[in-house]
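[1] here is the input, now give the coordinates:
(4 chains)
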There are 2 protein chains.
Amino acid sequence: MRLTTRGRYAVTAMLDLALHGADGPISLADISQRQEISLSYLEQLFAKLRQNELVSSVRGPGGGYRLARSGESINVAEIIDAVNESIDATSCSGKGNCQSGGVCLTHHLWDDLSQQIHRFLSGISLDSLVHQQEVRLVVLRQAEESEIS
Amino acid sequence: MRLTTRGRYAVTAMLDLALHGADGPISLADISQRQEISLSYLEQLFAKLRQNELVSSVRGPGGGYRLARSGESINVAEIIDAVNESIDATSCSGKGNCQSGGVCLTHHLWDDLSQQIHRFLSGISLDSLVHQQEVRLVVLRQAEESEIS
DNA sequence: TTAAAACCTACTAAATAAGTATGTTATTTA
DNA sequence: TAAATAACATACTTATTTAGTAGGTTTTAA
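    Sure, this is the predicted structure:
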């Protein structure tokens, strides 16, 4: 199972879109600066997010990305899925052929765990994050930091 | 966050101990054969499990490993912790310094997720696995396989 | 026409995981 | 007492993945 910088970056960037994308598209350069993520790496992530129709793009000056759907209808699990293959804790990708064609001793456990994680993450929408106290505080700090620089 | 073959092997091997260790220590060679895990790799994992006092060892012929405590009192989370550093989904290892000294936009989310996973896995004891229908079926199959070979 | 931005592809470096190899040491048993 | 067994220890190799870099092209607004 992988839950690594890639998935974290994707969710962070999508949340940035949800927070700042109200009036017009947001450029990756902006996100890169605010969230301190390499621009080129963001481009690779957004290629996948676009393929999965989580964002839409506007090319040319003043262009950028916006959410393809409402922040209410986009959940964290599908963002991670989009860039990260999947959140699956089994060794057999859920196929159940982990040991000599059958399941291994702990297959059921990892399957359970995967479901738990998926249930948890799919219950969290971008909108719900936007309204969290903890998130709002970070947004304020990031706004101050951008004024200074 | 890492939940990979290493943690899975460790839990599988510990469960094997819980299943077969009733009368005397179990050698890693046995576990290696039943669970199809490289012996040398198992030795490395058991070094950590021993350091973390989850198993105790008996050297010499007829020796092997046994659970250091009752299967009821050992849970899956601590096994993974023992071999795997930790099940932590944040990028800052929970420290909260993920962005310029403060927390990043999604820190709280990953912290929440880590707690969820930890709560789930620490609620599962080796004993509870031993009594699961899914596990018992695999044990039967593995017993048949060892007769054949 | 220029600049801004998406879009695309290939490459590199670093980290980690997984596995292999080669021993040494302790202890039981014949 | 010798041989076999199994833990214990360490170093090395290989493969994979991640994270990031580099160097472009295409589109489009100003």
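
[2] beta partners for A:Ser57?
    In this entry, A:Ser57 is beta-bridged to A:Tyr65, by DSSP bridges.

[3] any idea how far A:Ser70 is from it?
    The gap separating A:Ser57 from A:Ser70 is 18 Å, by CB to CB, to the nearest Å. Bear in mind the C-beta positions are built from the backbone N, C-alpha and C, glycine included.

[4] what about these two, which has more around it?
    Using other CB atoms under 10 Å in any protein chain shown, the more surrounded residue of A:Ser57 and A:Ser70 is A:Ser57, with 15 against 11.

[5] quick one: pLDDT of that one?
    With respect to pLDDT, A:Ser57 scores 97.

[6] I figured it was touching A:Arg50, is that so?
    Yes - between A:Ser57 and A:Arg50 there is a contact under CB atoms under 8 Å: 6.1 Å.

[7] so what sits against both of the two?
    Common neighbours of A:Ser57 and A:Arg50 (criterion: CB atoms under 8 Å, 6 or more residues apart in numbering or on different chains): A:Tyr65.

[8] so where do the helices sit in chain A?
    In chain A, helices defined by DSSP state H lie at A:5-20, A:28-35, A:39-51, A:76-84, A:107-122, A:126-130, A:133-148, listed in chain order.

[9] mean neighbour count, these: which tops it?
    Scoring these by mean neighbour count under mean count of other CB atoms under 10 Å in any protein chain shown gives helix A:5-20 as the most buried, with a mean of 23.

[10] what's it packed up against?
    With contacts taken as 3 or more CB pairs under 8 Å, 6 or more residues apart in numbering or on different chains; DSSP states H and E, helix A:5-20 sits against helix A:28-35, helix A:39-51, strand A:64-67, helix A:76-84, helix A:126-130, helix A:133-148.

[11] turn those into TSV, including mean pLDDT.
    Output for the helices and strands packed on helix A:5-20, formatted as TSV (pLDDT from 0 to 100):
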stretch	mean pLDDT
helix A:28-35	95
helix A:39-51	95
strand A:64-67	98
helix A:76-84	91
helix A:126-130	98
helix A:133-148	91
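
[12] make JSON lines from these and add distance to B:Lys95 to it.
    Below are the helices and strands packed on helix A:5-20 laid out as JSON lines (distance: least, CB to CB, whole Å):
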{"stretch": "helix A:28-35", "distance to B:Lys95": "18"}
{"stretch": "helix A:39-51", "distance to B:Lys95": "23"}
{"stretch": "strand A:64-67", "distance to B:Lys95": "31"}
{"stretch": "helix A:76-84", "distance to B:Lys95": "22"}
{"stretch": "helix A:126-130", "distance to B:Lys95": "21"}
{"stretch": "helix A:133-148", "distance to B:Lys95": "15"}
